[in-house]
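**Q** Build me a model from this:
(2 chains)
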Amino acid sequence: MTFLGMPLLPSKRRSDLPGGQGNIIEAEAFPEASHEHLSNQQLRNNIGHATSTIRSKRAEVVSELDDWEALRDAGEATKNEVMANLPEYLAQFEEAFTAAGGIIHWARDADEANAIVTELIEDNAPMLETGRREVIKVKSMATQEIGLNEHLEAEGIDAFETDLAELIVQLGEDKPSHILVPAIHRNRDEIREIFMDKMPDAGELTNEPAVLAEAARRHLRHKFLTTKVAISGANFGIAETGTLGVVESEGNGRMCLTLPETLITVMGIEKLLPKFADLEVFLQLLPRSSTGERMNPYTSFWTGKSEGDGPQNVHLVLLDNGRTRALADEHGRTALNCIRCSACMNVCPVYERTGGHAYGSTYPGPIGAILSPLLTGVQEQGNGSLPYASSLCGACYDVCPVKINIPEILVHLRGEDVKANHSPVSSQLDTALTGASWMMGDGKRMAAAERGLPLAHKVTSGEQINALPGIASAWTSSRDIPALPEKSFRQLWAEEEANDRDEEGQR
Amino acid sequence: MRIALFATCIVDAMYPEVAQATVRILRRLGHEVIFPEGQSCCGQMHINSGKFAQAEPVIANHVRAFTSTEWDVAVAPSASCVASLGHQQPMVATRMGNDALASEAAEVAERTYELTQFLTDVQGVTDAAADLGSYFPHRVTYHPSCHGMRLLRLGDRQSSLVRSVEGIDFVELPLADSCCGFGGTFSVKNPEVSSAMLADKVRTIQATEADVCTGGDASCLLHIGGGMSRFERTGSCDGAPDVTAVHVKETSSTDERGHTTETLTTVVGADDDDHLTPGHRGTSPAEPSRTQSGFRVGQAAVHLARILASTKEDPLRVPSEGAEVSGGSLR
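**A** Below you'll find the model as predicted:
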């Protein structure tokens, strides 16, 4: 038994801890990455329509519960408890899981996890006539994070996504743009085209959801019945019993979990809950927050193996990939409490306009803007632009089922980014802020600066300002600046006080 | 009560009339108002830019200016800045290892109120017409700022006060709770996303056909007003007129009696009807329509302090009508 990914106790030397790898690093900075998505009107329509639908469904089912705030508090407290004692809970979980007949593998990062899964598949999935092996997959964020499908393909293994939306993304040779609705950026017509193009026996399809779902069902049925190995993620791991759980909407996940001979689950080490009874809270929080349903249609739990029933070869890869590093960040660690419900991205005005791809990570939206830099380490590596990809409106914090204070962590990570000083050449904005800090550090200096207002008012002829040079042009590219006043309030106040004194003097 | 006015940097330097209005309201309630001269800014701009070290002297300055027993409470016409005092200043001071500053900042924050918070929670003002003599005979819509809604939890206190102004024709803003996209330096660091958010906000404001959009945060109104002004001049404020430009179409429809009516329809993009009621009567950017009151439709973003301070004797003149600051006197 090796403890490759065993979390260390929070350390001051966070930079010693390994950063995460895989699909969690932005390829280009957010402002540039969002540029093309912003001008894609179809994408904005698709996402705007989908998020507003889920948003109102969520609000409706949440308002049904009188104790929603108490549930959020309970969820937050449980996750904080897990994070505070993660090594102990992981050890407890390992013991219970192993006792139930499962085998645990610890993976420090994406490379190790991919290598472990590949080896397990090679041992358990037969080589087909094509010279390749096949596995079926349950929707899993962890395997998206580590880029498992891409890795397996290079190793001669074809992984078939069975979640309908993941299937659409995979067949479209696309990337997921939302953690719950990976194909949120696609509409029905686009999906019909992808299916007719990529499913050899699909035939002629209409764009009706039922027709499209039926085509996917026929396409997948054969795979379920013939494939020997399945790969899943997990929503929860119960430390007390060594139980794993997956919640889903379509039942395709359950087919994967029960039909194959070998089941390999990849789960982040932060997914633990102490007791089975804790599910009472989380199975209320998760479906209502994510799909806006009172309960999701399929909830599957398995504890090791049962003779003659389901997979007899049960493996779990426990993934660190930067999680210990995030845990060591005292101001950011609550990001690990995330239960991947996606409520924050559905209310985020930034996500709504850019879509998920602009975030460059498996985890988009507000949670992605904090989780990705925390996993990779904002100090040394990329992801420096993600903490700025928010107007700090706070809508994400309001809906988070486990009360992650995303805006506060965003500000914290901006501070880390500034400390890391990625670009030693200071930008115009930095220079302006430095000047403003000097000026605003003393009311007298601010008063002196405001003495320039009459001149500025004159120069601009008291009109609105329509174009400014340099960094300010980013503002005036789409907004005017109102006419500057002739005098600041400070000056008007001083004049009034002087007048009052004069009047008193005359009396 | 002796009240220290925290004007905030944006109001002080760009919207002095908002601070004047605040003073008038407070004096009308019988309070003595003091302006602590050392004040400048809450530090939010630096804090939200991650520049904690640069924020520290700004926070220290604010604490210096407002730590005094000479007045009972401080009042600011800005939810965002008041929220920053309570939520951010102590946090940043602690992060900078300055625990003394953190606790002083928390004490100052404890006795600082956003204007409507002070009016409703401390003074029990619920009817602006009766209690303040507020009079504003115009069609008004209201944008609740994110920090007022989510950090100060102002709820409907601001909008209730505005509704209670005599003569006002209040109209709800659809999707009011979505951010206008300002976000301080966000509007400069991610200008395109910010503009896209602003464009949607301006469209919904236009759709209400209100003369004035009001709110309790000068910074949001600076953004929204800047967008409305640009929209009026060019027909777009998201910087991408080829994609989401507002096209004005003349459509004719025939009613049951066979009468044909010509309507101006604002069509956003090709088929984007998520944010607007299809077929609503919009305005042509080329020919801004005028309401009876003489305001240009959708032109003015006006801080609620000015609306509350406006009376029959001293009515508010809107800046778009000649950029004149109303109420030169503070009384």
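**Q** Tell me the buried residues in stretch B:72-91?
**A** Applying a neighbour-count criterion of 16 or more other Cβ atoms under 10 Å in any protein chain shown, one finds B:74-91 buried in stretch B:72-91. All C-beta atoms are positioned from the backbone trio N, CA, C, and that covers glycine.
**Q** can that stretch be found next to chain A?
**A** Yes: for stretch B:72-91 and chain A, the contact criterion (Cβ under 8 Å from any Cβ of the partner chain) is met by B:87, B:88, B:91.
**Q** all strands in the stretch 201-350 of chain A, in order from the N-terminus.
**A** Under the criterion DSSP state E, counting those that start in this stretch, the stretch 201-350 of chain A carries strands at the ranges A:229-232, A:236-238, A:243-248, A:262-268, A:272-273, A:298-302, A:313-319.
**Q** Could you say which of those is packed most deeply?
**A** Compared across the strands of the stretch 201-350 of chain A, strand A:229-232 shows the largest average neighbour count, a mean of 28 (mean count of other Cβ atoms under 10 Å in any protein chain shown).
**Q** ok, that one: who's next to it in the sheet?
**A** The partner list of strand A:229-232 in its sheet, established with DSSP bridges, is strand A:133-137 (parallel), strand A:262-268 (parallel).
**Q** May I see the strands of the stretch 201-350 of chain A arranged in JSON lines, with mean pLDDT as well?
**A** Formatted as JSON lines, the entries for those read as follows, by pLDDT from 0 to 100:
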{"stretch": "strand A:229-232", "mean pLDDT": "98"}
{"stretch": "strand A:236-238", "mean pLDDT": "98"}
{"stretch": "strand A:243-248", "mean pLDDT": "97"}
{"stretch": "strand A:262-268", "mean pLDDT": "98"}
{"stretch": "strand A:272-273", "mean pLDDT": "98"}
{"stretch": "strand A:298-302", "mean pLDDT": "97"}
{"stretch": "strand A:313-319", "mean pLDDT": "98"}
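**Q** and the longest helix along chain A, what's its mean pLDDT?
**A** The helix that spans the most residues within chain A, counting by DSSP state H, is helix A:41-63. When pLDDT is averaged over helix A:41-63, the result is 89.
**Q** Past that helix, which element shows up next along the chain?
**A** Past helix A:41-63, further along toward the C-terminus, the next helix or strand under DSSP states H and E is helix A:68-84.
**Q** That following helix versus helix A:41-63: what angle between them?
**A** Computed with axes from the mean of the first three to the mean of the last three Cα atoms, to 10 degrees, the direction of helix A:68-84 lies at 100 degrees from that of helix A:41-63.
**Q** for helix A:68-84, packing partners?
**A** For helix A:68-84, the contact count by 3 or more Cβ pairs under 8 Å, 6 or more residues apart in numbering or on different chains; DSSP states H and E identifies strand A:272-273, helix A:279-290 as packing neighbours.
**Q** Between these, which one is closest to residue A:187.
**A** Among the helices and strands packed on helix A:68-84, helix A:279-290 comes nearest to residue A:187, with 21.0 Å by Cβ to Cβ.
**Q** got the helices and strands packed on helix A:68-84 as a markdown table, with distance to residue A:238 columns?
**A** Conversion of the helices and strands packed on helix A:68-84 to a markdown table gives the following (distance: least, Cβ to Cβ, whole Å):
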| stretch | distance to residue A:238 |
| --- | --- |
| strand A:272-273 | 6 |
| helix A:279-290 | 8 |
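**Q** contacting residues around residue A:406?
**A** A:335, A:344, A:366, A:367, A:369, A:370, A:390, A:396, A:397, A:400 (Cβ atoms under 8 Å, 6 or more residues apart in numbering or on different chains).
**Q** close enough to count as contact, the fourth one and residue A:344?
**A** Which is residue A:367. Yes: at 5.2 Å, residue A:367 counts as touching residue A:344 under the criterion of Cβ atoms under 8 Å.
**Q** Now for those two: what residues contact both?
**A** Contact with both residue A:367 and residue A:344 is made by residues A:396, A:406, according to Cβ under 8 Å, 6+ apart.
**Q** how many other residues sit next to residue A:499?
**A** Other residues near residue A:499 come to 11 when the count uses other Cβ atoms under 10 Å in any protein chain shown.
**Q** so which residue of the stretch 1-150 of chain B comes closest to chain A?
**A** Among the residues of the stretch 1-150 of chain B, residue B:50 lies closest to chain A, at 2.9 Å counting by Cβ to the nearest Cβ.
**Q** again with the stretch 201-331 of chain B
**A** Taking Cβ to the nearest Cβ, chain A has its nearest neighbour within the stretch 201-331 of chain B at residue B:226, 3.5 Å off.
**Q** Would you check how far apart that residue and residue B:235 are?
**A** 15 Å (Cβ to Cβ, to the nearest Å).
**Q** of these two, who's got more company?
**A** Neighbour comparison, residue B:226 and residue B:235: the larger count goes to residue B:226, with 26 against 15 (by other Cβ under 10 Å).
**Q** hang on, the earlier thing: out of the helices and strands packed on helix A:68-84, which one sits most buried?
**A** Per-stretch averages of neighbours, counted by mean count of other Cβ under 10 Å, single out strand A:272-273 among those, with a mean of 26.
**Q** Show me where chain B has its strands.
**A** For chain B, the strands identified by DSSP state E occupy B:2-5, B:32-34, B:73-76, B:112-114, B:139-142, B:169-171, B:212-215, B:246-254, B:260-268, B:300-303, in order along the chain.
**Q** could you give the mean pLDDT of the first one?
**A** Averaged across strand B:2-5, pLDDT comes to 98.
**Q** buried residues in it?
**A** B:3, B:4, B:5.
**Q** Pull the residues that contact it.
**A** The list of residues contacting strand B:2-5 from outside it, by Cβ under 8 Å, 6+ apart, reads B:19, B:22-23, B:26, B:31-36, B:66, B:68, B:70-76.
**Q** okay, and the helix or strand of chain B with the least pLDDT?
**A** Taking mean pLDDT, DSSP states H and E as the measure, strand B:260-268 is the helix or strand of chain B with the lowest mean score, a mean of 34.
**Q** Let's see which of the buried residues of stretch B:72-91 end up in helices.
**A** Applying DSSP H to these, the entries found in helices are B:79, B:80, B:81, B:82, B:83, B:89, B:90, B:91.
**Q** partners of the residue lying closest to the fourth one once chain neighbours are set aside in the sheet?
**A** Same thing as residue B:82. The shortest distance from residue B:82 to any residue other than its chain neighbours is 4.5 Å, reached at residue B:114 (Cβ to Cβ, 6 or more residues apart in numbering or on different chains). Per DSSP bridges, the residues bridged to residue B:114 are residue B:76.
**Q** Give me the distance between residue B:114 and residue A:398.
**A** Separation of residue B:114 from residue A:398 (Cβ to Cβ): 19 Å.
**Q** quick one, which of these two is more surrounded?
**A** It is residue B:114, of residue B:114 and residue A:398, that has more neighbours when counted by other Cβ under 10 Å, with 28 against 15.
**Q** hang on, residue A:144 packs against residue A:176?
**A** Yes: applying Cβ under 8 Å, one finds residue A:144 in contact with residue A:176, separated by 6.3 Å.
**Q** residues from the stretch 201-350 of chain A in reach of chain B?
**A** Counting by Cβ under 8 Å from any Cβ, the stretch 201-350 of chain A sits next to chain B at A:349, A:350.
**Q** Just the pLDDT for the residue nearest to residue A:227 when sequence neighbours are not counted.
**A** Nearest residue to residue A:227 in three dimensions, chain neighbours excluded: residue A:136, at 4.7 Å (Cβ to Cβ, 6+ apart). The per-residue pLDDT reported for residue A:136 equals 97.
**Q** what are the phi and psi angles of the nearest residue to residue A:471 once chain neighbours are set aside?
**A** In space, and not counting its chain neighbours, residue A:471 is closest to residue A:428: 3.9 Å by Cβ to Cβ, 6+ apart. Reported as degrees, to the nearest 10, the phi and psi values for residue A:428 are phi -60, psi -40.
**Q** And for residue A:428, the neighbour number?
**A** Residue A:428 has 13 neighbours, counted by other Cβ under 10 Å.
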